[in-house]
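> What shape does this take:
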Amino acid sequence: MSVKAFFARIFANIVVMQSQKWIIRPQQTQEKWFNHLIRKAKYTDFGKDHLFMSIRNHDDFVRRVPIRDYEELRPYMDKVVEGKSNVLWPGKPLYLAKTSGTTSGAKFIPLTKDSMPFHIKAARNAILFYIQETNNTKVVDGKMIFLQGSPVLEEKNGLKFGRLSGIVAHYVPKYLQKNRLPGWETNCIEDWETKIDAIVEETSKQDMRLISGIPSWIQMYFERLIAKTGKPVGELFKKFDLFIYGGVNYEPYRAKFEQMIGRRVDSIELFPASEGFFAFQDKQNEKGMLLLLDAGIFYEFVKADEFFDENPKRLTIDEVELDVNYALIISTNAGLWAYNIGDTVMFTSLKPYRVVVTGRIKHYISAFGEHVIAKEVETALQEAAEATGTLVTEFSVAPQINPEEGLPYHEWLIEFEKEPNDKAKFAEIIDQAMRKQNVYYDDLISGNILRPVVITSVKKDGFNEYMKSKGKFGGQNKLPRLKNDREIADNIEKA
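Numbering: from 1, shown residues only. Got it, this is the predicted structure:
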């Protein structure tokens, strides 16, 4: 065992042991952060406007601070971007993380001196929890690749800004710098396809042990490695045995990844965002990710099917239940207050609190009242793929409300690596899995309001071409798995 591996194991044991202090005291930990956040921000513009001085408990907070998304918080955000101090959090942020906006262009999410360390700590601890559980320290002795955005930062009103992954690249610990790939020059390439080709050139002969990134973009990296060398990824990287991912569900990709690698490798799921690092997979054989309750964030949860009610009930961590779909609401030490990040989660465990990401509060299909969420379509697709030996590259689902003939239906646009021999059987398995999971969908099929799903094959790279046409190709951009309209479907079918 190397010196680095020896100390990694010791450090991992210490971190896991220290984390038990908050894991076994979840309510008290969240109360501590609630009080700290309110106290720290009471003299900011936001704190004064919302009478933080008079907030004593969560009920007070709910009365004073409504749930907002970015656009609703924009009057304050614009002041932050203009370089003003003490707006949402004391002082000015260290950085602004630039993300894609849905209605008014780019969004700029503040990262503060208080919040930034928690992003780094959570990413580090995800690996340390894995080492402590598995005793696999080999990952620290070889090369690691983090497929991410460019670390080149721009400046606006005295504040540096860029993609979150690019900002985080500036915080890689010194003891990992020699192991980390790609190099700085390659990482700074803006064009995604050019960057992938450069990464392939740089890494194809390296001793890669750990690979991290959004599955769809790692898939492109793997495909180009194989095209260049003619070898499976696992043969190129004989000691590669840990894949770290976030952003989308890995399961629909797993079969194809194992084919490209040539074997199964361990994986760690992360739940990071510009707004905070919320959870990571702490156990290899447990469903869900450990919700980080001691990370500068106070969490609230709103039942997803009540979210658009006039005054939905805002629950704290001690009030949540298993297997209920919740919209995730956060208040943070970056100055976000009762902020709707747009993601929905479901608890798989309450001791400790573990979650799975079930989709986006605005990414669903309910054209007929069916309330279909991402978790349901991903599960159905996985069942069908496994049952038929099918390999799926990418997919998206949309309603067809006005078909040329017959009943309306859900159209599943799928780019196959390996098509099913019997597409009708494949569609039938999907439909049955959807009916088992979603009673509303089942009622619509039974009542002849909808007909069973329709599968449409998408040409190779069809989804990539769509993303390019929207200027959202590469980096942290993700194809929406669900749309309540036909914007993606119609564009794909016209291409």
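> which residue ranges form the helices in the stretch 301-450 of the chain?
For the stretch 301-450 of the chain, the helices defined by DSSP state H, counting those that start in this stretch occupy 374-388, 423-437, 439-446.
> out of those helices, deepest packed?
Highest mean neighbour count of those: helix 374-388, a mean of 21 (counted as mean count of other C-beta atoms under 10 Å). Placement of C-beta: from N, CA and C, glycine included.
> Kindly calculate the angle that that one makes with helix 439-446.
Relative orientation of helix 374-388 and helix 439-446, computed by axes from the mean of the first three to the mean of the last three C-alpha atoms, to 10 degrees: 60 degrees.
> what packs against helix 374-388?
helix 251-261, strand 353-360, strand 391-400, strand 409-418, helix 423-437 (3 or more C-beta pairs under 8 Å, 6 or more residues apart in numbering; DSSP states H and E).
> Quick one: closest of the ones you listed to residue 470.
Nearest of the helices and strands packed on helix 374-388 to residue 470, taken as C-beta to C-beta: strand 391-400 at 12.8 Å.
> Tell me what angle that closest one forms with helix 423-437.
Calculated by the same axes, to 10 degrees, strand 391-400 forms an angle of 70 degrees with helix 423-437.
> so how far is strand 391-400 from its chain's centroid?
Remark: strand 391-400 is offset 19 Å from the chain centroid, using C-alpha atoms, centre = their mean, to the nearest Å.
> Who are the packing partners of it?
Using 3+ C-beta pairs under 8 Å, 6+ apart, strand 391-400 sits against helix 251-261, helix 374-388, strand 409-418, helix 462-469, helix 487-494.
> what does it contact?
216, 219, 252-253, 255-256, 259, 365, 367-368, 372, 377, 381, 385, 408-418, 454, 458, 460, 463, 479-486, 488-489, 492 (C-beta atoms under 8 Å, 6 or more residues apart in numbering).
> Any idea how far the helix or strand of the chain with the lowest mean pLDDT is from the middle of the chain?
One helix or strand of the chain scores below all others by mean pLDDT, DSSP states H and E: helix 174-177, with a mean of 70. Remark: helix 174-177 is offset 25 Å from the chain centroid, using C-alpha atoms, centre = their mean.
> repeat for stretch 369-389
Distance of stretch 369-389 from its chain centroid, counting by C-alpha atoms, centre = their mean, is 19 Å.
> Who are the contact partners of residue 50?
Residue 50 is in contact with 64, 65, 337, counting by C-beta under 8 Å, 6+ apart.
> Need the residues you listed in JSON lines (columns: neighbour count).
JSON lines is the format used below for the contacts of residue 50 (neighbours: other C-beta atoms under 10 Å):
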{"residue": "64", "neighbour count": "17"}
{"residue": "65", "neighbour count": "21"}
{"residue": "337", "neighbour count": "27"}
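> Can you tell me which of the residues you listed is nearest residue 75?
residue 337 (12.7 Å).
> And the pLDDT for that closest one?
What the model reports as pLDDT for residue 337 is 98.
> now the one 10 residues further on
Turning to residue 347, the model gives it a pLDDT of 98.
> re the thing from before, generate TSV for the contacts of residue 50, with distance to residue 198 as supplementary columns.
Shown next, in TSV, are those (distance: C-beta to C-beta, whole Å):
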residue	distance to residue 198
64	51
65	46
337	41
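> Of all the helices and strands packed on helix 374-388, which one is nearest residue 283?
Of those, the one closest to residue 283 (C-beta to C-beta) turns out to be strand 353-360, at 8.5 Å.
> circling back to that earlier point, now do the least confident helix or strand of the chain: everything it contacts.
Contacts of helix 174-177 (C-beta under 8 Å, 6+ apart): 4, 140, 144.
> and the gap between the residue of the chain positioned farthest from its centre and residue 454?
Here the chain reaches farthest from its C-alpha mean at residue 405, the gap being 38.2 Å by C-alpha atoms, centre = their mean. Separation of residue 405 from residue 454 (C-beta to C-beta, to the nearest Å): 12 Å.
> ok, now residue 78?
45 Å.
> So for those two, which sits in the more crowded spot?
residue 454 (15 against 12; other C-beta atoms under 10 Å).
> continuing past the helix or strand residue 18 falls within, what's the next helix or strand?
Here residue 18 sits within helix 3-23, counting by DSSP states H and E. Toward the C-terminal end, the helix or strand that comes next after helix 3-23 (DSSP H and E) is helix 26-41.
> Great, nothing more from me.
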